[in-house]
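Mind looking at a prediction? Sequence and model below.
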Amino acid sequence: MEDDHSLLAHLVLKLTSQVEDAATDALAYILNQSESCREALASLVSDGEHQLRPLHRASTQVTVPPDWRLDLVAYDADDSMRLIIESKFWAALLSCQASGYVTHLAADGPATLLFVAPEVRRETLWVKIRAQFDKAPSLNLESDRTVGQLRVADVTKLVDVADDAQGTDARWIDTESRVALTSWYALLNHLEPVDSSMTSNIRQLRSLANAADDKAFAPLHAEDFNPAIPRRHMDFCRLVDDLVNTGEQEGWISVKGFKATAQRDGYLRFFRFVADDGGRMSKEIALYLSASRWVKSGTTPTWLRLLHAPEQKALTQQTEIAHEKDPGGPTWVPLRLLTDVEYSDVFDDVVAQVRAVRDIVLR
């Protein structure tokens, strides 16, 4: 099973906006079904000085004072809150969510508040978590560090300590509680190998996490505003226009009845392939500068989109040209772009790729 396609991801994203709740319930199901996964989760947040007691069960949407709702709580054999998990994709960190939730951890031994978030959000989310403790009057985070796949800090507490000379003295003391942050990727990779009966379920959850990440607004960085980015976009649009215009001038493309179209996903030009003798034409085809296909493939921004059955069938009956078929939708042909060469070389190679598709479609 490919992790970016699953029934769970399809249904959750189609039927509800509460993706974080659905992912949390899926994680709780896995933990409740598998002792090995509970042990692996405990090991993820444990080290030589901080060993969680065995986790016996997990519950979701646990309400605690003052009317807070904990995403997931893992309890030990004494029904103490040994681990609290706050599931995050792109929802904001709520006021006191970190500094407040940690106060509900069991105080009679090591316990952890674990945030799980997309990998690209770890740095910015950790800053916000720390900021909540900086504002808390009686809690603080110490020994901020990275342990394996975790960002970890120990919780200290300001308490009144008896002092023979002055009566009482407010001091910071260590607790056995920790706050940690990891990614969905790291968490699920840690759980998957330990119980083969849970492999399919974990991969389903990973696909949901991947799909949620794909639709998210990742934190902006200064390099995102580099003018080279929009310039490249303009270059790609030029490539699309040049190819369609050249094909029309040479007679192997017809744009009659079509016009250039800008869409949210990108820029496209509609046309029909024309046979060398001028007597046959294909159905409507689009040369597409597609942001979503580029993100999904990670390879190229330029694609041919074939909507109609005759052209799709012609491609499926050959093995020379790579293509992808959306279930019940269009067929996509990736147009690879040469690197480290002049524009003319890129253009000539893309023309050759498109003409090869035309030869197959009109064969």
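Ah, there it is. Residues are numbered from 1 along each chain as shown.

Any buried residues in stretch 270-290, and which?
270-275, 282, 285-290 (16 or more other Cβ atoms under 10 Å). C-beta: built from backbone N, CA, C; applies to glycine.

can I get those residues in JSON lines with secondary structure, pLDDT and distance to D79?
As requested, these are exported to JSON lines (DSSP: H, G, I helix; E, B strand; the rest coil; pLDDT from 0 to 100; distance: Cβ to Cβ, whole Å):
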{"residue": "F270", "secondary structure": "strand", "pLDDT": "95", "distance to D79": "64"}
{"residue": "F271", "secondary structure": "strand", "pLDDT": "95", "distance to D79": "67"}
{"residue": "R272", "secondary structure": "strand", "pLDDT": "94", "distance to D79": "69"}
{"residue": "F273", "secondary structure": "strand", "pLDDT": "94", "distance to D79": "69"}
{"residue": "V274", "secondary structure": "strand", "pLDDT": "94", "distance to D79": "74"}
{"residue": "A275", "secondary structure": "coil", "pLDDT": "92", "distance to D79": "75"}
{"residue": "S282", "secondary structure": "coil", "pLDDT": "90", "distance to D79": "67"}
{"residue": "I285", "secondary structure": "strand", "pLDDT": "93", "distance to D79": "63"}
{"residue": "A286", "secondary structure": "strand", "pLDDT": "92", "distance to D79": "59"}
{"residue": "L287", "secondary structure": "strand", "pLDDT": "94", "distance to D79": "62"}
{"residue": "Y288", "secondary structure": "strand", "pLDDT": "93", "distance to D79": "56"}
{"residue": "L289", "secondary structure": "strand", "pLDDT": "93", "distance to D79": "57"}
{"residue": "S290", "secondary structure": "strand", "pLDDT": "92", "distance to D79": "52"}
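
possible to save those as JSON lines with distance to V244?
What follows is the buried residues of stretch 270-290, written out as JSON lines (distance: Cβ to Cβ, whole Å):
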{"residue": "F270", "distance to V244": "9"}
{"residue": "F271", "distance to V244": "6"}
{"residue": "R272", "distance to V244": "11"}
{"residue": "F273", "distance to V244": "11"}
{"residue": "V274", "distance to V244": "12"}
{"residue": "A275", "distance to V244": "17"}
{"residue": "S282", "distance to V244": "14"}
{"residue": "I285", "distance to V244": "10"}
{"residue": "A286", "distance to V244": "10"}
{"residue": "L287", "distance to V244": "6"}
{"residue": "Y288", "distance to V244": "11"}
{"residue": "L289", "distance to V244": "12"}
{"residue": "S290", "distance to V244": "15"}
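
quick one: which of the residues you listed is nearest L27?
Lowest distance from L27 to those (Cβ to Cβ) belongs to S290, with 32.9 Å.

Tell me what the closest one is bridged to.
Here S290 sits in beta bridges with G266, going by DSSP bridges.

if I read this right, it contacts D265, doesn't it?
Yes - with contact defined as Cβ atoms under 8 Å, S290 and D265 form a contacting pair (5.6 Å).

Using the three-state scheme, assign P66.
Of the three states, P66 takes coil under DSSP: H, G, I helix; E, B strand; the rest coil.

burial measure for it, as a count.
6 (other Cβ atoms under 10 Å).

do the same with K256
The burial count for K256: 9, using other Cβ under 10 Å.

Now do the SS call for it.
Reduced to three states with three-state DSSP, the structure at K256 is coil.

measure it to K128 for me?
Between K256 and K128 the distance is 56 Å, computed by Cβ to Cβ, to the nearest Å.

One more: G328?
To K128, G328 is 41 Å away according to Cβ to Cβ.

swap in S183?
With distances taken as Cβ to Cβ, S183 is found 16 Å from K128.

Please identify which of these two sits among more neighbours.
S183 (21 against 14).

Pretty sure the more buried one sits against P118.
Yes - counting by Cβ under 8 Å, S183 does reach P118; the two are 6.4 Å apart.

center of the protein - which residue?
The centre of the chain sits closest to D213, judged by Cα atoms, centre = their mean, with a distance of 2.4 Å.

P219 and V127 touch, don't they?
No - using Cβ under 8 Å, P219 is not in contact with V127; the gap is 10.2 Å.

ok, the two, which is more surrounded?
Applying other Cβ under 10 Å to P219 and V127 shows that P219 carries more neighbours, namely 13 against 10.

Before we move on, what's the pLDDT of that one?
Predicted confidence (pLDDT) for P219: 72.

any idea whether it is helix, strand or coil?
Quick answer, by three-state DSSP: P219 is coil.
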